[in-house]
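*Asks:* Provided below are the primary sequence and the corresponding predicted coordinates.
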Amino acid sequence: MTDRNDSAAPGPDVRRELYRTMVLIRSFEEAILADYHADKKPAWDIGAGLIPGEMHLSAGQEPVAAGVCAHLRADDAVTATHRPHHFALAHGVDIDRMAAEIYGRETGLGRGRGGHMHLFDPATHFSCSGIIAEGYPPALGQAFAFKHRGGDGVAVAVTGEGAANQGAFHESLNLAALWQLPVVFVVEDNDWGISVPRSASTAVPDNSVRAAAYGMPGIRVEENAVEGVYSAAGEAVERARFGGGPTLIEVHTLRLWGHFEGDAQGYRPELADVPGRDPIPAYEASLRADGVLDEDEISRIRTEAAARVERAVQFAKDSPHPDPAQAREYVFAGAS
């Protein structure tokens, strides 16, 4: 295991872009949060409102997506988890069509049929799933295709620390190492597998040590540090792109809100301390102290992000719902 907590900082332009990406993600999540909760009370009805169904938001985990995706191209592949919005936005998935999909509209990425846990964008090779660790095997398929076509594409497979105990996780690491596939495995360790702490489910202190069993580098990034993620991911993506094989990166991140919206989180003894660990104000303070951003630039970045999110949400709300008469279309392979 290599500890990257003290990674060298990227340059000022990259640091600004990392911050801009994190702010856009948070702005999007806050807008979804507001509309999701607006019409589900006083009696909680998960099936009611503008955005029916479950909702898993990624507030607090922005550093992982921003730091990893800063090194990716649109023709690289990302498979994300049931908590996917941060990686989708950081990888360049169209924010309008993504919002429309979350709101269940015909203009969405999946014509409003998939919802927020099933976002698919062929233009950026992005996909996600509600099944735990499901994204790892498809990422191997992407990486296998990249390698055998003779290109230099890279696949990134993301999962949570709880999913690192699934068979798909271990099988994928083994096969990626055996075939030396251009894939980067990313584990988001937010301390909680739903309501189960990592200490009650995992025999090792962190999942980066498991990389050694499969003959690949294992890196642990502490303190939700976006620049540490950026540095570690840069090495891993370069290694994969130039034939060096896979890498496993685990980031100790933070789930700022509940596992799902409506989760009371009574199982979290540290809940009172969580707001103070928010990575965005912390990074903003660091950039301000280093003279990378001033108050005017910070205000402009936040205003631009809020405006872009507002346009995306309005696009979604203005878009039509799917026609119930087409309920059986676009469901099975080969359907029109």
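*Replies:* Sure thing, it's come through.

*Asks:* contacting residues around Met55?
*Replies:* 32, 36, 116, 260-261 (Cβ atoms under 8 Å, 6 or more residues apart in numbering). (Each C-beta comes from the backbone N, C-alpha and C, glycine too.)

*Asks:* C-terminal to the helix or strand where Tyr19 lies, what's the next element?
*Replies:* Assessed by DSSP states H and E, Tyr19 sits inside helix 12-38. Sequence-wise, the next helix or strand downstream of helix 12-38 (DSSP H and E) is helix 62-69.

*Asks:* Need the mean per-residue confidence for that next one.
*Replies:* Confidence for helix 62-69, expressed as mean pLDDT, is 98.

*Asks:* which other helices and strands contact that helix?
*Replies:* Applying 3 or more Cβ pairs under 8 Å, 6 or more residues apart in numbering; DSSP states H and E, one finds that helix 62-69 contacts helix 12-38, helix 85-90, strand 155-160, strand 183-189, helix 226-241, strand 247-252, helix 279-289.

*Asks:* Using JSON lines, lay out these together with mean neighbour count, mean pLDDT and distance to Tyr136.
*Replies:* Shown next, in JSON lines, are the helices and strands packed on helix 62-69 (neighbours: other Cβ atoms under 10 Å; pLDDT from 0 to 100; distance: least, Cβ to Cβ, whole Å):
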{"stretch": "helix 12-38", "mean neighbour count": "19", "mean pLDDT": "97", "distance to Tyr136": "23"}
{"stretch": "helix 85-90", "mean neighbour count": "28", "mean pLDDT": "98", "distance to Tyr136": "14"}
{"stretch": "strand 155-160", "mean neighbour count": "28", "mean pLDDT": "98", "distance to Tyr136": "5"}
{"stretch": "strand 183-189", "mean neighbour count": "29", "mean pLDDT": "98", "distance to Tyr136": "7"}
{"stretch": "helix 226-241", "mean neighbour count": "23", "mean pLDDT": "98", "distance to Tyr136": "15"}
{"stretch": "strand 247-252", "mean neighbour count": "27", "mean pLDDT": "98", "distance to Tyr136": "11"}
{"stretch": "helix 279-289", "mean neighbour count": "16", "mean pLDDT": "98", "distance to Tyr136": "25"}
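
*Asks:* now the ones you listed in CSV, with distance to Phe146?
*Replies:* Listed next are the helices and strands packed on helix 62-69 as CSV, based on distance: least, Cβ to Cβ, whole Å:
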stretch, distance to Phe146
helix 12-38, 24
helix 85-90, 18
strand 155-160, 7
strand 183-189, 9
helix 226-241, 9
strand 247-252, 15
helix 279-289, 31
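
*Asks:* Quick one: residues contacting Ala48.
*Replies:* So Ala48 contacts 39-40 (Cβ under 8 Å, 6+ apart).

*Asks:* Return the distance of it relative to Asp39.
*Replies:* According to Cβ to Cβ, to the nearest Å, Ala48 stands 6 Å off from Asp39.

*Asks:* got it, and Ile95?
*Replies:* Taking Cβ to Cβ, one finds Ile95 at 23 Å from Asp39.

*Asks:* For these two, indicate the residue with more neighbours.
*Replies:* Ile95 (20 against 12; other Cβ atoms under 10 Å).

*Asks:* isn't the more buried one right next to Ala305, touching?
*Replies:* No. Ile95 is beyond contact range of Ala305, at 10.4 Å (criterion: Cβ atoms under 8 Å).

*Asks:* what about the helices in the stretch 51-200 of the chain?
*Replies:* 62-69, 85-90, 95-102, 136-148, 167-179 (DSSP state H, counting those that start in this stretch).

*Asks:* Adding distance to Leu24, write the ones you listed out as a markdown table.
*Replies:* Formatted as a markdown table, the helices of the stretch 51-200 of the chain follow (distance: least, Cβ to Cβ, whole Å):
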| stretch | distance to Leu24 |
| --- | --- |
| helix 62-69 | 9 |
| helix 85-90 | 6 |
| helix 95-102 | 8 |
| helix 136-148 | 24 |
| helix 167-179 | 30 |
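
*Asks:* What residues of stretch 300-310 count as buried?
*Replies:* Neighbour counts using 16 or more other Cβ atoms under 10 Å place 301-302, 305-306, 309 of stretch 300-310 among the buried residues.

*Asks:* Make JSON lines out of those and add secondary structure.
*Replies:* Putting the buried residues of stretch 300-310 into JSON lines (DSSP: H, G, I helix; E, B strand; the rest coil) gives the following:
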{"residue": "Ile301", "secondary structure": "helix"}
{"residue": "Arg302", "secondary structure": "helix"}
{"residue": "Ala305", "secondary structure": "helix"}
{"residue": "Ala306", "secondary structure": "helix"}
{"residue": "Val309", "secondary structure": "helix"}
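
*Asks:* now, the most widely separated pair of these?
*Replies:* The most widely separated members of the buried residues of stretch 300-310 are Ile301 and Val309, with 12.6 Å between them, by Cβ to Cβ.

*Asks:* Please enumerate the shared neighbours of those two.
*Replies:* With Cβ under 8 Å, 6+ apart, Ile301 and Val309 have no common neighbours.

*Asks:* Look up the residues forming beta bridges with the closest residue to Val64 other than its chain neighbours.
*Replies:* Closest residue in space to Val64, ignoring its immediate chain neighbours: Val251 at 4.8 Å, by Cβ to Cβ, 6 or more residues apart in numbering. Bridge pairing for Val251 (DSSP bridges) gives the partners Glu188, Val221.
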